[in-house]
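Asks: model this:
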Amino acid sequence: MVIDKKTYIKTVRIEIGLELGADKPDEAWLVLREPSTLEWLELQEVSSKGEAEVVKKIIELFPALVVDHNLFTQDGDKQTKLDAKAVIELVVAKIGAALKLINSYVEAFANPLARTSGAK
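Replies: As a prediction, this is how the structure comes out:
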């Protein structure tokens, strides 16, 4: 069996263009991967401390979870793709974008042990 992370790790694309001031949702997007086992356990550990602690932990983990995005800086004619940490800093600086990202991510991966298809 050939293992390729792209084929077995679940990802979610979250469009945040409107929240960042663009005209259309798909003008700014991020693709995030599911949490690893250890990352999921870290989230479970803080879950008993309340929602604020869970949100802080998710934001702390987000840079490692970013698989792809379309956010760049512009310097004259040169565009440079932001690194994952800069992307998350940019997104969490705007409450609407932060809430959209967090809520969409939690909805997609709230329980990584749940089935992705209906009961058989």
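Asks: So which elements touch the host helix or strand of residue 103?
Replies: Assigned by DSSP states H and E, residue 103 falls within helix 95-109. With contacts taken as 3 or more CB pairs under 8 Å, 6 or more residues apart in numbering; DSSP states H and E, helix 95-109 sits against strand 11-15, helix 51-65, helix 84-92. Every residue, glycine included, has its C-beta placed from N, CA and C.
Asks: any weak-confidence spans in the chain?
Replies: Low-confidence regions of the chain, defined by pLDDT under 70, span residues 1-8, 111-120.
Asks: Next, the spatially most central residue of it: secondary structure please.
Replies: When CA atoms, centre = their mean is applied to the chain, the residue found nearest the centroid is residue 32 (4.2 Å). Put simply, residue 32 is strand when judged by DSSP: H, G, I helix; E, B strand; the rest coil.
Asks: which residues touch it?
Replies: The contact partners of residue 32, by CB atoms under 8 Å, 6 or more residues apart in numbering, come to 11-12, 14, 62, 65-67, 105.
Asks: circling back to that earlier point, adding mean neighbour count and distance to residue 42, write the helices and strands packed on helix 95-109 out as TSV.
Replies: As requested, the helices and strands packed on helix 95-109 are exported to TSV (neighbours: other CB atoms under 10 Å; distance: least, CB to CB, whole Å):
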stretch	mean neighbour count	distance to residue 42
strand 11-15	17	19
helix 51-65	16	6
helix 84-92	18	16
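Asks: Output these in a markdown table, with distance to residue 77 appended to each entry.
Replies: Below are the helices and strands packed on helix 95-109 laid out as a markdown table (distance: least, CB to CB, whole Å):
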| stretch | distance to residue 77 |
| --- | --- |
| strand 11-15 | 27 |
| helix 51-65 | 28 |
| helix 84-92 | 20 |
